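>>> coordinates only, sequence not included:
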Ligand SMILES: Nc1ncnc2c1ncn2[C@@H]1O[C@H](COP(=O)(O)OP(=O)(O)OP(=O)(O)O)[C@@H](O)[C@H]1O
């Protein structure tokens, strides 16, 4: 069969894109509880609803950001409350009732159960492993294969992802020859290679130089036009430049959501910080003086 131009264009559109969107938000967490390791309830009664856009996840060290992102990536199973991704219960009390699963405190999520969801998720962990002898292209191809990108779409998807992170000229370089910033960009490429509907980035700007950070923020803005992007960061200025809104987490709970302007507006000159956003951030945490002495 000869495919016409229009047919070829259609074949580049994923099933996920063609499927009608039957949910209002990509993420809905209600009273969500997630354990980090076997002990601590690092996310402890968190309510959060997020749709399309770039959402900055801010909070002090140990606030529970990584644990939350790992639960959203379906790596950790919630210990309580409820979590919905794309309108589907994926864990917590709702899932236990509907699927006959247990509370699963601190357990890893079953991989088979979440396979379909994971095809629609992109995830950049804070630290990620890779074969050092892989080239950038092989690394991203391998991740595309894990995410079950249709075989015929893989070469174009990999090329596009590598180009979007500015690594096209290093695509055939081995991972072990890359700088830390380039490895991070390869990590971002693998996270976007499946054109995810939900993109989870844990500290993506660590190791990027100022120019790369600027380009990364531009990429975030592009991605956020049709994707739910959650970016955990320590850099409050990343939030101002790229995020449509901010979720501030402390002690495993949500303490604030609003626009970057709302965050800036929460502070006053008395609060700790070099910029209005940093002062707003300090103001919303319990005790700014404690923050100052936290070192
Ligand atoms: N494997 C683990 N076992 C026990 N406790 C853990 C484990 N991982 C994290 N924690 C604890 O859970 C809490 C939340 O950690 P988490 O890494 O989610 O926070 P975070 O907001 O991402 O911190 P950071 O900004 O420093 O990366 C912290 O108190 C941390 O010490």
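Happy to help now that I have it. Here the structure is a predicted model, which is why all the values come from computation and not from measurement. Residues are numbered from 1 along each chain as shown.
>>> only C-alpha atoms for contact and neighbour calcs from this point on.
Noted.
>>> any idea how far apart the tips of stretch 242-262 sit?
Stretch 242-262 has an end-to-end distance of 15 Å (criterion: C-alpha to C-alpha, to the nearest Å).
>>> can you check stretch 77-88 too?
End to end - C-alpha to C-alpha - stretch 77-88 spans 14 Å.
>>> average model confidence for that stretch?
Predicted confidence along stretch 77-88 averages 94 (mean pLDDT).
>>> neighbouring strands for the helix or strand encompassing residue 249, and are they parallel or not?
For residue 249, the element it lies in under DSSP states H and E is strand 245-250. Sheet pairing of strand 245-250 (DSSP bridges) gives strand 53-58 (parallel), strand 253-258 (antiparallel).
>>> just checking, next helix/strand downstream of the last one?
Using DSSP H and E, the helix or strand that follows strand 253-258 in sequence is helix 260-265.
>>> would you mark the buried spots in that next one?
Within helix 260-265, the residues scored as buried using 16 or more other C-alpha atoms under 10 Å are 260, 263-264.
>>> repeat that for stretch 114-124.
Within stretch 114-124, the residues that qualify as buried are 117-124, counting by 16+ other C-alpha under 10 Å.
>>> just for the chain, where's the confidence low?
Across the chain, the ranges flagged by pLDDT under 70 are 1-21, 92-113, 286-295.
>>> who is the residue nearest the centre of it paired with across the strands?
Note on the chain: the residue nearest the mean C-alpha position is residue 200, at 1.0 Å, using C-alpha atoms, centre = their mean. Per DSSP bridges, the residues bridged to residue 200 are residue 123, residue 230.
>>> who touches it in this structure?
Residues in contact with residue 200, defined by C-alpha atoms under 8 Å, 6 or more residues apart in numbering, are 69, 72-73, 121-124, 229-231.
>>> which pair in those spans the largest distance?
Across those, no pair lies farther apart than 121 and 231, at 13.5 Å, counting by C-alpha to C-alpha.
>>> relative to residue 184, which of the buried residues of stretch 114-124 is nearest.
residue 124 (8.8 Å).
>>> that closest one: what's it in contact with?
Taking C-alpha under 8 Å, 6+ apart, we find residue 124 in contact with 187-188, 190-191, 200-202, 204.
>>> and which of these is nearest residue 165?
Comparing these against residue 165 with C-alpha to C-alpha picks out residue 188 as the nearest, at 7.1 Å.
>>> state the phi and psi torsions of the closest one.
phi -70, psi -40 (degrees, to the nearest 10).
>>> skipping adjacent residues, who's closest to it in space?
residue 124 (6.3 Å; C-alpha to C-alpha, 6 or more residues apart in numbering).
>>> and if you look at residue 159?
In space, residue 159 comes closest to residue 168 once its chain neighbours are excluded; the distance is 7.3 Å by C-alpha to C-alpha, 6+ apart.
>>> relative to residue 179, how far out is that neighbour?
The value you get for residue 168 to residue 179, if C-alpha to C-alpha is used, is 15 Å.
>>> so the two - more neighbours on which side?
Between residue 168 and residue 179, counting by other C-alpha atoms under 10 Å, residue 168 is the more crowded of the two (17 against 12).
>>> spit out the contact partners of the closest residue to residue 228 other than its chain neighbours.
Once flanking residues are discounted, residue 228 sits nearest to residue 52: 4.1 Å by C-alpha to C-alpha, 6+ apart. Residues in contact with residue 52 (C-alpha under 8 Å, 6+ apart) are 25-26, 224-229.
>>> and which of those is nearest to the ligand?
Within these, proximity to the ligand (C-alpha to the nearest ligand atom) peaks at residue 229, which comes in at 16.7 Å.
>>> neighbours of residue 227, how many?
By other C-alpha under 10 Å, neighbour count at residue 227 equals 20.
>>> residues in contact with residue 263?
By C-alpha under 8 Å, 6+ apart, the neighbours of residue 263 are 246, 277, 280-281.
>>> scratch that, residue 187 is what I was asking about
124, 128.
>>> strands along the stretch 51-200 of the chain, start to end?
Secondary structure of the stretch 51-200 of the chain, counting by DSSP state E, counting those that start in this stretch: strands at 53-58, 80-85, 88-92, 121-124, 198-202.
>>> reformat the ones you listed as TSV; add distance to residue 40.
Formatted as TSV, the strands of the stretch 51-200 of the chain follow (distance: least, C-alpha to C-alpha, whole Å):
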stretch	distance to residue 40
strand 53-58	20
strand 80-85	13
strand 88-92	17
strand 121-124	23
strand 198-202	20
